[in-house]
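Asks: any chance you can model this:
(chains A and B)
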Amino acid sequence: MDETPNIRTFVLKPEQEIPFLAGQFVELTVPGFGEAPFTPSSSHFRRETFEMTIMKVGRATGALFSLQPGDVVGARGPFGTPYPLQRFEGKDIYIVGGGVGLAPLRALFLALTHEPDKYGRIFLRYGARTPQDIVYRSLIPEWQKIPKVDLDLSVDVSDEKWMKRVGVVTCLMDDIPCDEKKSIAVVCGPPIMMKFVNQRLVDAGFQAENIYLSMETNMSCGVGQCRHCRLGPYLTCKDGPVLTWAQIKDIENPFV
Amino acid sequence: MSRYLLAKSSVHQWLSKLLARYTVYVPTERDGQTHWHLLDPRDLEETPDRVAPAQRRIRASEPVKSFMFQPRQRVAGFPEPLPLPESAPRLLLGVKNCDLAALRVHDKILGEGEFKDPFYVSLRESTKLVVADCPAPEQSCFCNLLGLTPFAKEGGDAALSVIDGDWIFEVGQTGQELVDTAPELFTRLAGETTETKKRDEERSAAVAALNMTNARPWNPDLPGAIAAKLADDSFWRKHAKTCVECYGCLMGCPTCYCFLLYDQAKEKGLDRTRVWDACYEAAYARVGGGANPRAEFIRRFANRFDCKWNQFKRDHGVYSCTGCGRCFKACMGKIDIRTVLGEL
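Replies: Okay, here's the model as predicted:
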């Protein structure tokens, strides 16, 4: 399904179930074109099929977009460290997404709302470039109806029909309606957005170990050997891709 | 541990016996350098005379990783899966202690981790290693700065010292079969002998020579010193200014193991191949969307030092360096890492 002109959600039916948990990733192969890492965007409570929402940016993703329903792709995984959901229990969760970065956050969002009694309130703040660039447009109205969910959107550039906020996603963060000292923040989006959202969260009083950031690096082998994804002392394919601000704050320029 | 002497005159016979059981590689001298040579029954007549002197030279130009972690390896196929690798018995007769230490680095990553690389493990397990003393370290050698000795203290299947043309072996349990290929050729040595005394003198002299060449130890907290300098571009610029980005230092390095996976389409399905990669490559850390944390070469240059002498030490307790000197022997810009690390 096309989410935006260059972002599409693919539904995959694995021959052999891939037992992923929210936050983990899968290496997807387009036969003959190469392999690239993607995080499932569907709920880990359902694995007979899973979804990946992917932006067309390069060779492998370009080839992926030219596939037809029923075509065969390869998948290896799951890899990486999932969100530590046990740590999230009983706490408010403040999720901030930008652009296609909402895709991995959706897997988390669905895992949290699947067992709403375990967690506090769930805040979702999402920013896209324009109203046409919003992913999961048809699902968002449903999500807004879920009890304990508080959802708000912004776009950088509006059109005449847009009724919500205009501005980068941090404009939704002037008032953070949860206890910053105790709550969990989760962020995924382009590097520049991550940088400013993280700064805003730190300024607001979120604890460094409670800010979870999806770090995009070149994860190739997935098993901590090829070393392409090294970020300071971490191999994001094993230690991440989600790392806390406490883990990475001493790394020079982590959001590049 | 047993000690044996193989007389100069018997080396030739032993090599021919070994060939019946192993694919044998020996160091030989060519153009003033030592190179690994596949021992062929046809050249047995002349080879032994070339092998003995080469055993006393420093490590071969080619890093030993080439034998286990091959430059190009087909690692997967679809739809027909790749059969699990099977390797025939091999013998590397005359690795040096710096190379043995390098293999221990690869063992940690490819052989012992959570995910064991089946290709590496197969080649590693089927390969016997005879570690030869290094009695004549050169100016490029600095294993002493890494806490290593120019002879094997442990590891390998047998230790070899060539003394006046005779071959002295110290053989552990796993190396006994090498002697057993032709037991009649070996004389068991008990206690101190003239040969072992001479060997010990040579070993001490080699250690002394290394300590002379590399007299000043590195900063004992090298990892901390690198971390503190990481953002200091002027420091790295100063040392990188003659680098031409040829990657010779990385290809020749016995411990570097970065790799790249790439796919090739077949009529139906695909082949996946693993090749050595180089962290100096501009696109090395680039992600699909185009972002590149090390787009500038100077960041990649600093990253190499951060990786090998900081992070690897912190993660695995050893430096990803064994003092073999291949990196700056290969360097067209004559960048000696001892100078860089010595200033930290």
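Asks: can you read off the pLDDT for residue A:160?
Replies: Looking at residue A:160, its pLDDT stands at 88.
Asks: count the neighbours of it for me.
Replies: Residues near residue A:160, counting by other C-beta atoms under 10 Å in any protein chain shown, number 5. No exception for glycine: its C-beta is placed from N, CA and C like everyone else's.
Asks: one more: residue A:234?
Replies: Residue A:234 has 22 nearby residues by other C-beta under 10 Å.
Asks: next up, the contacts around the residue in chain B positioned nearest to chain A.
Replies: Nearest residue of chain B to chain A, counting by C-beta to the nearest C-beta: residue B:265, 2.8 Å away. Contacts for residue B:265 (C-beta atoms under 8 Å, 6 or more residues apart in numbering or on different chains) come out as A:31-33.
Asks: among those residues, name the buried ones.
Replies: Buried residues within those, counting neighbours by 16 or more other C-beta atoms under 10 Å in any protein chain shown: A:31, A:33.
Asks: going by distance to residue B:261, which of the contacts of residue B:265 wins?
Replies: residue A:33 (12.8 Å; C-beta to C-beta).
Asks: what's the nearest residue to the closest one if we skip its chain neighbours?
Replies: Closest residue to residue A:33 in three dimensions, ignoring its sequence neighbours and counting by C-beta to C-beta, 6 or more residues apart in numbering or on different chains: residue A:63, at 3.7 Å.
Asks: residues contacting that neighbour?
Replies: A:30, A:32-34 are the contacts of residue A:63 under C-beta under 8 Å, 6+ apart.
Asks: those: which two are farthest apart?
Replies: A:32 and A:34 (8.1 Å).
Asks: so what sits against both of the two?
Replies: With C-beta under 8 Å, 6+ apart, residue A:32 and residue A:34 have common neighbours A:63, B:263.
Asks: ok, back up a step: state the distance from the residue of chain B closest to chain A to residue A:36.
Replies: 16 Å (C-beta to C-beta, to the nearest Å).
Asks: these two touch, right, residue B:12 and residue B:41?
Replies: No - contact criterion C-beta atoms under 8 Å: residue B:12 and residue B:41 do not qualify, at 11.6 Å.
Asks: now the residue nearest the centre of chain A: phi and psi?
Replies: The centre of chain A sits closest to residue A:104, judged by C-alpha atoms, centre = their mean, with a distance of 2.8 Å. Torsion angles at residue A:104 (phi, psi; degrees, to the nearest 10) stand at phi -70, psi -30.
Asks: where does chain B come near chain A, residue by residue?
Replies: B:78, B:109-110, B:113-115, B:117, B:230-231, B:257-266, B:269-270, B:272, B:277, B:279, B:284-293, B:307, B:311, B:314-315 (C-beta under 8 Å from any C-beta of the partner chain).
Asks: what sits against the residue nearest to the centre of chain A?
Replies: A:22-23, A:25, A:39-41, A:188, A:214.
Asks: that older thread, more neighbours: which of residue B:12 and residue B:41?
Replies: residue B:12 (17 against 12).
Asks: helix/strand/coil for the more buried one?
Replies: helix (DSSP: H, G, I helix; E, B strand; the rest coil).
Asks: give me the distance between it and residue B:141.
Replies: Relative to residue B:141, and taking C-beta to C-beta, residue B:12 is found at 30 Å.
Asks: for residue A:181, same thing?
Replies: For residue A:181, the distance to residue B:141 - C-beta to C-beta - is 57 Å.
Asks: out of these two, which sits in the more crowded spot?
Replies: Ranked by neighbour count (other C-beta under 10 Å), residue A:181 and residue B:141 place residue B:141 first, with 24 against 10.
Asks: name the helix or strand for the more buried one, please.
Replies: Residue B:141 is part of no helix or strand, with elements assigned from DSSP states H and E.
Asks: need the contact list for it.
Replies: B:58, B:98, B:134, B:150, B:210, B:213, B:323-325.
Asks: is the residue lying closest to residue A:166 once chain neighbours are set aside in a helix, a strand, or coil?
Replies: Nearest non-adjacent residue to residue A:166, counting by C-beta to C-beta, 6+ apart: residue A:158, 4.6 Å away. Following three-state DSSP, the label given to residue A:158 is coil.
Asks: give the burial count for residue A:158, as a bare number.
Replies: 15.
Asks: tally of neighbours for residue A:91?
Replies: Neighbour tally, residue A:91, other C-beta under 10 Å: 17.
Asks: who touches the residue in the stretch 1-150 of chain A positioned nearest to chain B in this structure?
Replies: Residue nearest to chain B within the stretch 1-150 of chain A: residue A:32 (2.8 Å; C-beta to the nearest C-beta). Contact analysis of residue A:32 by C-beta under 8 Å, 6+ apart lists A:63, B:263-266, B:270.
Asks: and chain A, which residues reach chain B?
Replies: Residues of chain A lying near chain B (C-beta under 8 Å from any C-beta): A:29, A:31-36, A:55, A:57-58, A:60-61, A:74, A:190-191, A:216-218, A:220-221, A:223-233, A:252-253, A:256.
Asks: give the contact list for the nearest residue to residue B:13 once chain neighbours are set aside.
Replies: Using C-beta to C-beta, 6+ apart and skipping the chain neighbours, the partner closest in space to residue B:13 is residue B:185 (5.9 Å). Counting by C-beta under 8 Å, 6+ apart, residue B:185 makes contact with B:6-7, B:10, B:13-14, B:17.
Asks: state the distance from residue B:185 to residue B:179.
Replies: On the measure of C-beta to C-beta, residue B:185 and residue B:179 end up 9 Å apart.
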